[in-house]
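A.B. asks: Sharing a model that was predicted from the sequence below.
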Amino acid sequence: FNPEILKRYVNFMSNPDEETAINQFGKGDKYFGVATMLITLPGLPMFAHGQVEGLSEKYGMEYKRAYYNEFTDDNLVIRHEKELFPLTKKRYLFSQVDNFELYDFIDPHGICNENVFAFTNRSGNEVSLVIYNNSYSEAIGIINSSCERAFGEEGRTSTTTIDKSLGINSGFGFYYIFKDYIQQLEFIVSGSQLSSAGFSFHLMGYQRKVLLDFREVDADGRYKVLCEQLNGRGVNSIERSLSEMNLAPFHNSLTHLFTSIKFSRLLLALDISNKDEIEIPVIDEEGSRIINSLGKIKSLNIFQQDLIIQIQSDISLINDFNKLFLEISSAKRPAKLIGEVTPIISPENDNERKKILSFLLLNKILFRILSSVETTKTKNILFDELLLWKPLFEIYGFLRYDDPGQSYELSKILSDSEITFAENADRY
């Protein structure tokens with residue numbers, strides 16, 4: 001094919017001599033697939049009168065007025081604004097033909113699927129890959145070698161491969177992140193695998209993909225592990241998924257402690273109704289696992305054993321408070337304040353009392369661990385950096401909190417307003 005011809009075309013889905021685009025293609029995936037090609041192919045894209053609004057009445061010079069009583073399809077307009085209009089702002093990437101390449105889509109049997117259109121283009125350092133399955137049937141296959149394209153007056157032809165068109169380094173250890181503008185998801189692929197095996201796709205009926213924002217990332221082991229974990233699956237953000245992967249051991253160690261039988265025993269031992277019948281368990285093993293995993297991603301300002309001792313001391317303080325509270329409240333004439341705080345500190349409902357105690361104990365341990373991080377940032381910011389919502393939401397759900405989201409926000413607030421007895425002894 002001669003790509004120079006494509007640059008001269010006007011790309012449209014209907015004109016006054018034909019049925020409207022809506023009548024020809026409907027309002028579903030087939031319509032948006034064809035409309036995507038209209039925008040991303042070289043040439044001049046043209047939307048017909050009333051096409052975006054979903055009007056089905058033909059138009060032309062011979063019509064003096066509209067005969068159908070039609071209304072704008074707001075959902076169709078929204079889909080245009082979300083899925084198509086952003087692509088029109090990238091026309092500089094699609095309009096020229098100097099770097100335009102067309103590809104055959106080869107199925108697992110080695111047969112070219114003529115229903116699938118695949119092409120790449122380039123403008124400066126930006127590249128694009130568009131693929132569309134113009135069929136109701138699903139399509140599985142790869143794109144690798146481009147179709148022969150003519151150039152020059154002598155009728156010479158040339159072909160290339162998908163990795164060269166996209167500027168992919170075929171060396172081992174190079175990984176590439178790109179974004180599908182239709183799904184609004186990011187993907188990561190191995191450069192060497194793409195070069196050797198081509199770009200594989202599994203497309204449902206009338207499904208399309210517009211892959212943009214290709215970028216090479218540092219050749220380190222983290223991206224290799226993440227690429228293997230995702231195995232072609234898209235995510236909202238590759239960098240965020242990378243952070244989640246790096247934080248997974250820390251998250252898992254937190255979840256393990258606060259959903260363990262040992263933590264349940266700790267709650268029973270610290271329950272104000274427990275009269276030293278249950279011994280307070282030591283959480284040095286679980287605590288060490290948390291601190292070790294945190295130390296791999298953050299610098300700590302304290303030795304592990306010292307931090308374990310501080311955590312165990314905080315647990316003992318809660319037990320000492322319970323004993324002191326029971327002693328004061330059992331006096332012949334307890335202070336009026338005791339009667340007011342008793343329903344809060346020690347509600348009669350066992351489940352409610354367990355929730356209050358678990359929330360206090362969880363945050364006491366968590367804040368002590370966060371205070372060991374070498375940083376000038378507040379604990380509130382550390383909550384976001386460490387993506388603590390992931391383990392905490394799981395823990396809150398396990399502990400059967402009524403509103404995990406509210407509990408998480410309360411923990412963030414308390415983390416920056418923590419009051420310790422030692423620092424405020426003069427107030428008591």
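C.D. replies: Okay, I see it. Quantities reported herein were computed from a predicted structural model and do not represent experimental measurements.
A.B. asks: need the contact list for the closest residue in space to Ile395 that isn't next to it in sequence.
C.D. replies: Excluding the flanking residues, the one nearest Ile395 by CB to CB, 6 or more residues apart in numbering is Phe258, at 4.6 Å. (C-beta placed from N, C-alpha, C; glycine too.) Contacts for Phe258 (CB atoms under 8 Å, 6 or more residues apart in numbering) come out as Ser358, Leu362, Ile395, Phe398, Leu399.
A.B. asks: Check Gly124 too.
C.D. replies: Gly124 sits in contact with no residue, where contact means CB under 8 Å, 6+ apart.
A.B. asks: Can you list the residue ranges for helices in the stretch 201-350 of the chain?
C.D. replies: For the stretch 201-350 of the chain, the helices defined by DSSP state H, counting those that start in this stretch cover 221-230, 238-258, 261-270, 284-295, 304-329, 336-345, 350-370.
A.B. asks: Point out where the stretch 151-300 of the chain drops to low pLDDT.
C.D. replies: For the stretch 151-300 of the chain, the stretches with pLDDT under 70 are 152-155, 219.
A.B. asks: can we see that at 80?
C.D. replies: For the stretch 151-300 of the chain, the stretches with pLDDT under 80 are 151-156, 218-220, 272-278.
A.B. asks: Just the buried subset of the contacts of Phe258, written out for ChimeraX, thanks.
C.D. replies: Selection of the buried residues among the contacts of Phe258 in ChimeraX, burial being defined by 16 or more other CB atoms under 10 Å:
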select :358,362,395,399
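A.B. asks: May I ask which two of the contacts of Phe258 are separated the most?
C.D. replies: Using CB to CB, those span at most 10.9 Å, a distance reached by Leu362 and Phe398.
A.B. asks: Tell me the helices and strands packed up against the longest strand along the chain.
C.D. replies: Counting by DSSP state E, the longest strand found in the chain is strand 208-217. Strand 208-217 is packed against helix 29-40, strand 126-133, strand 175-180, with contacts defined by 3 or more CB pairs under 8 Å, 6 or more residues apart in numbering; DSSP states H and E.
A.B. asks: burial measure for the residue lying closest to Gly205 once chain neighbours are set aside, as a count.
C.D. replies: Take Gly205 and drop its neighbours on the chain: the residue closest to it by CB to CB, 6+ apart is Tyr136, 4.3 Å away. Here the count is done by other CB atoms under 10 Å, and Tyr136 has 11 residues near it.
A.B. asks: Could you do the one 3 residues further on as well?
C.D. replies: Ala139 is surrounded by 20 other residues when neighbours are defined as other CB under 10 Å.
A.B. asks: wait, it sits on Asn113?
C.D. replies: Yes - using CB atoms under 8 Å, Ala139 is in contact with Asn113, at 5.4 Å.
A.B. asks: where do the contact lists of these two overlap?
C.D. replies: Phe105, Asp107.
A.B. asks: Got the confidence number for Met61?
C.D. replies: The score at Met61 is 70. That number is its pLDDT.
A.B. asks: contacting residues for Thr384?
C.D. replies: Just to correct that, residue 384 is Asp rather than Thr. Counted by CB under 8 Å, 6+ apart, Asp384 has zero contacts.
A.B. asks: rewinding a little: okay, the helices of the stretch 201-350 of the chain in TSV with distance to Thr36 next?
C.D. replies: Formatted as TSV, the helices of the stretch 201-350 of the chain follow (distance: least, CB to CB, whole Å):
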stretch	distance to Thr36
helix 221-230	25
helix 238-258	23
helix 261-270	52
helix 284-295	45
helix 304-329	55
helix 336-345	60
helix 350-370	47
